[in-house]
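Asker: Show me how the following folds:
(4 chains)
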Protein chains: 2
Amino acid sequence: MSTKNKILDAAESLFATQGFNGTSLREITSQAEVNLAAVNYHFGSKKELIKSVMSRYMNELSPRLESALVEVCKRDNLNLLEVFSAFIEPLLSLNDFKENGTSNFLQLLGRGYSDSQGFLRWFLTTQYPGVINNFVKAVQKAYPELTAEEMFWRLHFTMGTVVFTMSSSDALIDIAKSDFDKTMDIAGVIKKVIPYVAAGVSAPLL
Amino acid sequence: MSTKNKILDAAESLFATQGFNGTSLREITSQAEVNLAAVNYHFGSKKELIKSVMSRYMNELSPRLESALVEVCKRDNLNLLEVFSAFIEPLLSLNDFKENGTSNFLQLLGRGYSDSQGFLRWFLTTQYPGVINNFVKAVQKAYPELTAEEMFWRLHFTMGTVVFTMSSSDALIDIAKSDFDKTMDIAGVIKKVIPYVAAGVSAPLL
DNA sequence: GCACAGTTTAAACAAGCGTTTGAAATAACG
DNA sequence: CGTTATTTCAAACGCTTGTTTAAACTGTGC
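Answerer: Down below sits the predicted model:
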């Protein structure tokens, strides 16, 4: 395993559980068992390391997500639950790509939107606009009465729901176990949140 | 204006816009025009300062919120849109309590859930359980078929929606202005998010 | 075997952080 | 006024952070 990949793996799991600002380069290089200076040698800076960790997942996920959305868009009588359900399989496929891939990626996404004053938000929306465009197209077909402005708001609410849920999913899974004796994993959380956001976006216009 | 209040005011606005970890005591005392050591003299530590900033709002808000929820609970044929709408007036009343009070408080709440590994979450849920209990009671009356477990998940999704939306509300308001030429304020955002979360929690059980 | 590029290493750097100190300034009170 | 008690202040402390340095090591091609 190359030094570069050792760093990426260690950074990924630490970033997911502690956030970007909450994880120091010394923690990362120590867990990766490489020298501290290796991060700046191979990636240039911490910011570039964060981008690299995210890109590794986005390059894997975004084509699958795009084709799943294109596919669902072909259906007749499309509803929003079907649109949002299109995310499930591509997301869960990240578990084949890497252990805990789905969970790690979604948590990273959550961190990216709360930590570091939103530079990751800019990075993702400018680097991977295809996913967003296809998603908007599908929502439009499933709910044509929704104005562009209302869709803007509701998609951001949805982003918030998912991102917040995933960045605190460990705590939520623990509570579900202790309070309701239900053993949950990240796939279970996704299946719980999909009907919620679908209903939210489907809400009648006032 | 006392030194203590100068610090609280400066800390409040800086925490709201930059987060807790993203704001240093030197920034706070510089904006408050007091000495750096004043924070530790008056509050003991940064952590205690954070608690004080939040308590100032919670002590103002929680009784209003509780009585609004008790009031709405008395209605017949209660639906979830009514339950969530009960939050609007108490939240907006924070603008009388302090300039930008509503916006600041909701953003602080958002920060509290993402920053600082959730110690604020613990603080709020243990210090102000009355609000949560009354809220759960109202939701239960409006949607009796909802199991305790499903309610747990959906209320956390709702928390995520609100918290994320509010911590990024400045950016969202800017986008709404530039993309749709709609001038928004925090009250407008609240009125957009209420139907969304009401529909989400109202989603049919699978 | 030598030279050269690529990589790893220990050490230091400069800057920022929250907190503590002890003396100076101010306020309160008999 | 004089004597406490409270509050302010500049300075420093100890620690952590991301980044840089320059020397040592590794491997590949000539």
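Asker: The lowest-mean-pLDDT helix or strand in chain A and DNA strand D in contact?
Answerer: Every helix and strand in chain A was compared by mean pLDDT, DSSP states H and E; the lowest is helix A:119-127, with a mean of 79. No. Judged by C-beta under 7 Å from any atom of the strand, helix A:119-127 makes no contact with DNA strand D; its nearest approach is 12.8 Å. C-beta: built from backbone N, CA, C; applies to glycine.
Asker: Could you list the buried residues of that helix?
Answerer: A:120-121, A:123-124 (16 or more other C-beta atoms under 10 Å in any protein chain shown).
Asker: right, and the pair among the residues you listed with maximum separation?
Answerer: Across the buried residues of helix A:119-127, the longest distance by C-beta to C-beta is 7.2 Å; it joins A:Arg121 and A:Phe123.
Asker: A:Ser114 and B:Leu106, how far apart?
Answerer: From A:Ser114 over to B:Leu106 the distance is 15 Å, taken as C-beta to C-beta, to the nearest Å.
Asker: Also A:Ala86?
Answerer: 32 Å.
Asker: for A:Asn59, same thing?
Answerer: Relative to B:Leu106, and taking C-beta to C-beta, A:Asn59 is found at 36 Å.
Asker: same question, A:Glu33
Answerer: 43 Å.
Asker: quick one: which of these two has more around it?
Answerer: Taking neighbours as other C-beta atoms under 10 Å in any protein chain shown, A:Glu33 and B:Leu106 compare with B:Leu106 leading, 23 against 9.
Asker: any bit of the longest helix anywhere in chain A sitting next to chain B?
Answerer: Longest helix of chain A, by residue count under DSSP state H: helix A:46-73. No. Helix A:46-73 is not in contact with chain B by C-beta under 8 Å from any C-beta of the partner chain; minimum separation 15.2 Å.
Asker: Show the average pLDDT along the helix or strand just after that helix.
Answerer: Per DSSP states H and E, the first helix or strand lying C-terminal to helix A:46-73 is helix A:80-85. Looking at helix A:80-85 alone, the average pLDDT works out to 95.
Asker: element containing the residue nearest the centre of chain A, please.
Answerer: The centroid of chain A falls nearest to A:Leu106 when counting by C-alpha atoms, centre = their mean (3.3 Å). Assigned by DSSP H and E, A:Leu106 falls within helix A:101-114.
Asker: What are the contacting residues of that helix?
Answerer: Here helix A:101-114 makes contact (C-beta atoms under 8 Å, 6 or more residues apart in numbering or on different chains) with A:12-13, A:15-17, A:19-20, A:53-54, A:57, A:61, A:91-92, A:94-95, A:98, A:120-121, A:124, A:159, A:162-169, A:185-187, A:190, B:19, B:114-115, B:164, B:167-168.
Asker: Restrict those residues to the buried ones and give me that as a ChimeraX selection.
Answerer: For the buried members of those, the matching ChimeraX selection, counting by 16+ other C-beta under 10 Å, is:
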select /A:12,13,15,16,17,19,20,53,54,57,61,91,94,95,120,121,124,159,162,163,164,165,166,167,168,169,186,190 /B:19,114,115,164,167,168
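Asker: which strands and helices sit next to the helix or strand containing A:Phe15?
Answerer: Using DSSP H and E, A:Phe15 sits in helix A:3-18. On a contact count with 3 or more C-beta pairs under 8 Å, 6 or more residues apart in numbering or on different chains; DSSP states H and E, helix A:3-18 meets helix A:25-32, helix A:38-43, helix A:46-73, helix A:101-114.
Asker: what about 10 Å?
Answerer: Secondary-structure packing of helix A:3-18 (3 or more C-beta pairs under 10 Å, 6 or more residues apart in numbering or on different chains; DSSP states H and E): helix A:25-32, helix A:38-43, helix A:46-73, helix A:101-114, helix A:148-167.
Asker: which of those helices is buried the deepest?
Answerer: helix A:101-114 (a mean of 24; mean count of other C-beta atoms under 10 Å in any protein chain shown).
Asker: what mean pLDDT does the helix holding A:Phe15 have?
Answerer: Regarding helix A:3-18, the rounded mean pLDDT is 95.
Asker: which stretches of chain A have low pLDDT?
Answerer: A:116-118 (pLDDT under 70).
Asker: Contact residues of it facing DNA strand C?
Answerer: Residues of chain A lying near DNA strand C by C-beta under 7 Å from any atom of the strand: A:2-3, A:34-38, A:41-42.
Asker: Show me the two of the residues you listed that sit farthest apart.
Answerer: Within those, two members stand farthest from each other by C-beta to C-beta: A:Ser2 and A:Leu36, at 17.2 Å.
Asker: These two - which one has more neighbours?
Answerer: Set A:Ser2 next to A:Leu36 and count neighbours by other C-beta under 10 Å: A:Leu36 wins out with 13 against 9.
Asker: Tell me who's in contact with the spatially closest residue to the more buried one that is not a sequence neighbour.
Answerer: Among residues not flanking A:Leu36 along the chain, A:Thr29 sits closest, at 4.8 Å (C-beta to C-beta, 6 or more residues apart in numbering or on different chains). Taking C-beta atoms under 10 Å, 6 or more residues apart in numbering or on different chains, we find A:Thr29 in contact with A:3, A:6-7, A:10-11, A:35-39.
Asker: Of those residues, which is the nearest to DNA strand D?
Answerer: Of all the contacts of A:Thr29, DNA strand D sits closest to A:Ala37, with 3.6 Å by C-beta to the nearest atom of the strand.
Asker: Now the closest one, what are its backbone angles?
Answerer: Note on A:Ala37: its backbone torsions stand at phi -70, psi -10 [degrees, to the nearest 10].
Asker: quick one: it from A:Ile7, how far?
Answerer: Distance of A:Ala37 to A:Ile7, computed by C-beta to C-beta: 11 Å.
Asker: Near DNA strand D, list only the ones from the residues of chain A next to DNA strand C.
Answerer: Applying C-beta under 7 Å from any atom of the strand to the residues of chain A next to DNA strand C, those adjacent to DNA strand D are A:36-37.
Asker: Let's have the residues of chain A next to DNA strand C in JSON lines, adding distance to B:Pro195.
Answerer: Listed next are the residues of chain A next to DNA strand C as JSON lines, based on distance: C-beta to C-beta, whole Å:
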{"residue": "A:Ser2", "distance to B:Pro195": "51"}
{"residue": "A:Thr3", "distance to B:Pro195": "51"}
{"residue": "A:Val34", "distance to B:Pro195": "51"}
{"residue": "A:Asn35", "distance to B:Pro195": "54"}
{"residue": "A:Leu36", "distance to B:Pro195": "51"}
{"residue": "A:Ala37", "distance to B:Pro195": "53"}
{"residue": "A:Ala38", "distance to B:Pro195": "51"}
{"residue": "A:Tyr41", "distance to B:Pro195": "52"}
{"residue": "A:His42", "distance to B:Pro195": "48"}
